[in-house]
Structures are given as C-alpha cells and as structure tokens.
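Peer 1: give me a model of this one.
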Amino acid sequence: HATDPSWLGFVPDVDAYVPKEGETFEDSERFKELCAAAVTRLESTPTLQTMEHRSSTPRMDLRGADMPARLGRALIWDWRQVCEQRKSHGLPAETTVRDIATMFSTLPTSKASPSNTEAKQRFATALCKYFDHFARSHLLYDDKEVKQYDRLAKEHRGSFSAADAYGPEHLMRLLALFPTLLPLVRVSAER
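Peer 2: Numbering: from 1, shown residues only. Coordinates of the predicted model:
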C-alpha cells in the first residue's frame with residue numbers, strides 16, 4: 001500500500017499536477033496558481049454556510065505545506081472531482097475512516113514496545129472522534145457534500161458516525177488540515 005494509492009480508491013488523473021524534477025510544491029509556480037484558483041473557486045461557490053462562518057473557518061492552504069507529492073496530487077484530484085466536475089463520493093465508502101484507523105491500530109508492533117499497541121488503539125479512536133467532530137464543519141467542500149452528510153445523519157437518527165461512512169479522501173482532507181484544526185479542540189489535562 002505504501003507505493004500504490006489505488007487501494008485508497010484514487011484513480012490517476014490524466015492531467016494531475018506533478019512538480020518538475022527537483023521542484024517542491026512550495027517552489028512550484030504552477031502549484032501556486034492551482035491553489036489560488038482553488039481558493040477563488042471555494043470562496044465564490046455558494047454553500048450552506050454563511051459568509052461570516054466561512055470567513056472564520058480555517059482554509060486549506062497547501063502553499064508551503066511539507067507533504068509528499070502524491071498526497072498533494074491526491075488532494076488536488078479530490079478537490080477537482082468535487083468542485084470542478086461536481087462529482088460526489090459514494091457513501092458509505094467501501095473502506096471507511098474507521099476501517100483505516102483500525103488497520104493502523106492492528107499493525108504489528110515490536111516486541112520491545114508492547115505498549116505501542118495500546119497507544120495506536122488510543123490514536124485510532126481519537127482520530128475517529130476528531131473526524132466525527134470536524135467532518136461537517138471543515139471537511140466538506142460544497143453544499144452538495146453538506147446535504148449528503150445531513151441526509152446520512154437524518155437516516156441514522158443520532159447513531160451517525162462520519163468515520164463509519166466517509167472514506168480515505170475525507171481522511172486525507174482531515175490530515176491536511178490537522179495542524180489548523182487541532183488548536184480548535186479543547187482537551188482536558190487527563191487526555
């Protein structure tokens with residue numbers, strides 16, 4: 001899985017952005033243009049959120065982000081599918097956020113560090129809780145995705161967990177925004 005993102009459900013985009021050899025996303029003029037176009041389109045696309053809420057919501061700014069090229073390409077591909085081509089991800093996803101977190105938590109650990117298993121399980125549980133908390137307010141690109149979320153939540157009447165419905169594309173969005181979102185969560189000293 002480390003070398004092939006297709007297990008996450010990604011299909012290579014024929015015009016996917018790839019930095020030139022030796023160029024990083026941060027240095028790439030084309031990537032900056034794509035980010036600027038994405039921000040412009042996101043800000044001009046009507047959503048269910050008020051303008052006031054949108055201006056107070058952290059934006060995904062990938063300029064200067066230190067991330068693998070494949071992740072950057074996958075984020076751009078995802079954004080294009082949803083915002084430019086008006087496609088939506090089928091829900092529930094075949095592989096959900098909870099499935100991915102569970103896979104992570106059950107990966108073999110070294111015999112020298114058996115407590116690592118418990119830490120990974122706590123991390124997986126916390127990741128799903130963060131995902132549930134931020135899914136509707138920060139991880140959905142447009143009103144179509146918000147309506148899809150609201151429909152699922154209504155169908156499950158109180159027992160809805162976004163981590164059980166959404167897949168790797170949305171988890172990728174959370175991880176890209178994580179440094180911005182983490183300060184928004186109040187955590188008690190015991191946690």
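Peer 1: so residue 167 touches residue 88, yeah?
Peer 2: No - in this structure, residue 167 is not within contact of residue 88 by CB atoms under 8 Å, at 11.9 Å. In this view, the C-beta of every residue, glycine as well, is placed from N, C-alpha and C.
Peer 1: and stretch 167-180, what's buried?
Peer 2: Buried residues in stretch 167-180, counted by 16 or more other CB atoms under 10 Å: 167, 168, 169, 170, 171, 172, 173, 174, 175, 176, 177.
Peer 1: which helix runs longest in this protein?
Peer 2: Using DSSP state H to define each element, the chain has its longest helix at helix 115-138.
Peer 1: hmm, back to that, can you list the buried residues of stretch 167-180 in a markdown table and add secondary structure and pLDDT?
Peer 2: What follows is these, written out as a markdown table (DSSP: H, G, I helix; E, B strand; the rest coil; pLDDT from 0 to 100):
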| residue | secondary structure | pLDDT |
| --- | --- | --- |
| 167 | coil | 94 |
| 168 | helix | 93 |
| 169 | helix | 93 |
| 170 | helix | 95 |
| 171 | helix | 94 |
| 172 | helix | 91 |
| 173 | helix | 91 |
| 174 | helix | 90 |
| 175 | helix | 87 |
| 176 | helix | 85 |
| 177 | helix | 84 |
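Peer 1: out of those, who's nearest residue 153?
Peer 2: Nearest to residue 153 among the buried residues of stretch 167-180, counting by CB to CB, is residue 170 at 14.6 Å.
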